[in-house]
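> below are the sequence and a predicted model; questions follow.
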Amino acid sequence: MKRMAIKRTVFLVLLITLLTLTGCNRAQQTPTPQAALPADGGLPQSAAAIAAERGLTPDDVTAALKTYVPTGKYDDYVMFASGGHGGQILVIGLPSMRILKIIGVFTPEPWQGWGYGSIESEAVLDGGNVGPNKIRWGDTHHPALSETAAEYDGNFLFINDKANARVAVIDLRDFETKQIIKNPNAINDHGGSFVTPNTEYVVEGPQYAAPIGFGYASIDEYKDEYRGLISFWKFDKEKGRIDMAASFQIELPPYWQDLCDAGKLESDGWVFCNSFNTEMATGAGPDGANPQFEAGVSKNDMDYLHIINWKKAEEVYKAGKFETINGIAVIRMQTAIDEGLLYFAPEPKSPHGVDVTPRGDYITIGGKLDPHVSIYSIAKIKAAIAAGTTEKDAYGVPVLKFDDVLQAQVELGLGPLHTVYDDQGYAYTSLFLDSAVARWSLGEPYRTDGWKLEGKLPVHYNIGHIASAEGDTASPDGKYVVALNKWSVDRFVNVGPLLPQNFQLVDISQPGDKMQLLYDMAVGEAEPHYAQIIKADKLHAWEVYPEVGFNTITMAKDENAVESGQERVVRNGNQVEIWMTVVRSHYTPDRIELQKGDHVIWHLTNVERARDATHGFALSGYNINLSLEPGEATTIEFDANLPGTFTWYCTEFCSALHLEMLGYMLIKP
């Protein structure tokens, strides 16, 4: 009888496993296509009844139809949005506005096991430590997709950390962070990250001035000891890594440099950065003798647009005309002036956005305290540089005349910040104080009737950044704009004093002033800042890792990958090394016995090859939580300092016997 019971149990396990596998395979089959609607829409009368019952207007219904993505169908675009002081990146489908994924970057992320025990992920996070201090949060601001010929190529994604002057590299084959670098000479950044047109460099713009190397200097020495610093991180496309040994920086005056953008096509080889605090204000101080920063940095009517010739700077760097500071080449400010690398042009006070047009011929500046956007011509900038100027700033940087480089100004409204573009010769600027998106027309060669406001669309509320489909490339798509609003106020159900942000999807496909608000998306994360939107078909992510035993950091087979049948536990003194396989619905081995004080090295390999067959590994009591995608291998390492009885189990519901997928770790006192 006992044998019969065992046989029945084995049979049931095999049957359930077979059904699970069959279900997974069926789920991956392409659904049977259904006939498209007839030309008249073919909508049932019940749809009208539903609209009436819910109080929906015809515009509401139109908006719903434009954003609805049926089950089993995919979004046309993918938006990568910064996660603010959550330290992550949000991946959002358009037009559905569904969050598809959160990419763990500067902050440990438990769903993916990012930073919870894996020695590989811990090593990447440790690359962003500040001196002896372990940093496990970031303030992500500006994601940048890699480019080829000024077009998104869908290969890599970069993002900065404003709080600690760091840049991260994400590989879009698996949407995971591969590298974090700490700027050794800066403590804050804001204008990064953005890329040159062929991703030769990932550029990290500065923010608040500090002594180079962020060492101590009295604030009374601000003009002499404090500096700005723009970094050009050389990117190796083959390795998918920033090469610090081939990177360089340029010393700038201690103005607070803000956002930056790289030129393309007509302006290829140039970088443009805004600045504020050309007053070099140093705050009220303990005695309150001076204005506070808010007022002190906003006195001047004009600040400086920084115009940097990065291709010439690269030549200067390769010629060895730099100093090495904290292991990286720094082109000193006087060298930058003498070599013709750095120029200024006046710009309206407290500017924020600086955005290059698709052809690279114009640079649009939004001044927070000016109702206009100011449009600069790269042709005029080059001509003014060639003609020379006698005007210089306090540090000797040549200052081009405002009228010599300005192409046009367009009055839009209160608080213009950022500008994006479409494929019809229109530009879209976020108006923070007006809480609106302004649509205005570019002039020649984009439109013959340009440089004027076309219309405004109210958004909710206090829009900061704005993103358009493929909007930072040489060929924008012109279908959607997303307003990244700082406040939501009354848009959603009250969830307490800390409210979500609000992303609003806008249809810009109609000409003139016809823009339609389609969708409100609550973002229950830390404040997002910037975003970029790429065509979904440009992304070519893997469905499973290329082979069993794949190391997601080295992007190659791991030397400690485990194959089925090779599982083992080896003790060498007080060091215990484990080689384990993971598969539906068990771990092998499923019991580990240790002594208190043992040093444990544990290699795990998910040997699955089916799409979406992800397994978790959560080890109680030891702060270890892993996500193992199909084919992935990783290693954890810890000291068995707490005796007792512990379990590990799978956190991803992987099969009918998911709850039975566990093991015991027994640590003797």
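Happy to help now that I have it.

> when you work out contacts or count neighbours from here on, use the C-alpha atoms and nothing else.
Will do.

> list the contacts of the residue positioned nearest the centre of the chain.
In the chain, the residue lying closest to the centroid (Cα atoms, centre = their mean) is Pro143, at 3.2 Å. Neighbour list for Pro143: 80-82, 89, 157-160, 193-194, 530-532 [criterion: Cα atoms under 8 Å, 6 or more residues apart in numbering].

> could those go into JSON lines alongside secondary structure?
Output for the contacts of Pro143, formatted as JSON lines (DSSP: H, G, I helix; E, B strand; the rest coil):
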{"residue": "Phe80", "secondary structure": "strand"}
{"residue": "Ala81", "secondary structure": "strand"}
{"residue": "Ser82", "secondary structure": "strand"}
{"residue": "Ile89", "secondary structure": "strand"}
{"residue": "Leu157", "secondary structure": "strand"}
{"residue": "Phe158", "secondary structure": "strand"}
{"residue": "Ile159", "secondary structure": "strand"}
{"residue": "Asn160", "secondary structure": "strand"}
{"residue": "Ser193", "secondary structure": "coil"}
{"residue": "Phe194", "secondary structure": "strand"}
{"residue": "Tyr530", "secondary structure": "coil"}
{"residue": "Ala531", "secondary structure": "strand"}
{"residue": "Gln532", "secondary structure": "strand"}
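
> got the domain boundaries for the chain?
Using automatic domain parsing, the domains assigned to the chain come out as 77-283+293-538, 550-668.

> now the two most distant members of the contacts of Pro143.
The distance between the two most remote of those (Cα to Cα) is 15.2 Å, for Ile89 and Phe194.

> what segments of the stretch 201-350 of the chain are helices?
Taking DSSP state H, counting those that start in this stretch to define them, one finds helices in the stretch 201-350 of the chain at 222-225, 293-296, 310-318, 333-338.

> what residues of the first one count as buried?
By 16 or more other Cα atoms under 10 Å, the buried positions in helix 222-225 come out as Tyr222, Lys223, Glu225.

> could you dump these to JSON lines with pLDDT and distance to Cys260?
As requested, the buried residues of helix 222-225 are exported to JSON lines (pLDDT from 0 to 100; distance: Cα to Cα, whole Å):
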{"residue": "Tyr222", "pLDDT": "97", "distance to Cys260": "23"}
{"residue": "Lys223", "pLDDT": "97", "distance to Cys260": "23"}
{"residue": "Glu225", "pLDDT": "97", "distance to Cys260": "24"}
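
> now, which of those sits nearest Ala394?
For those, the residue nearest Ala394 by Cα to Cα is Lys223; the value is 9.5 Å.

> contact partners for that closest one?
Counting by Cα under 8 Å, 6+ apart, Lys223 makes contact with Pro254, Met280.

> can you pull out the helices in this structure?
Counting by DSSP state H, the chain has these helices, from start to end: 2-27, 45-53, 58-67, 119-126, 222-225, 293-296, 310-318, 333-338, 378-387, 402-405.

> those helices: which one's closest to Val582?
helix 2-27 (14.7 Å).

> tell me the mean pLDDT for that closest one?
In this model, helix 2-27 has a mean pLDDT of 42.

> what do you get for stretch 162-178?
What stretch 162-178 shows for mean pLDDT is 98.

> kindly report the same for stretch 334-348.
97.
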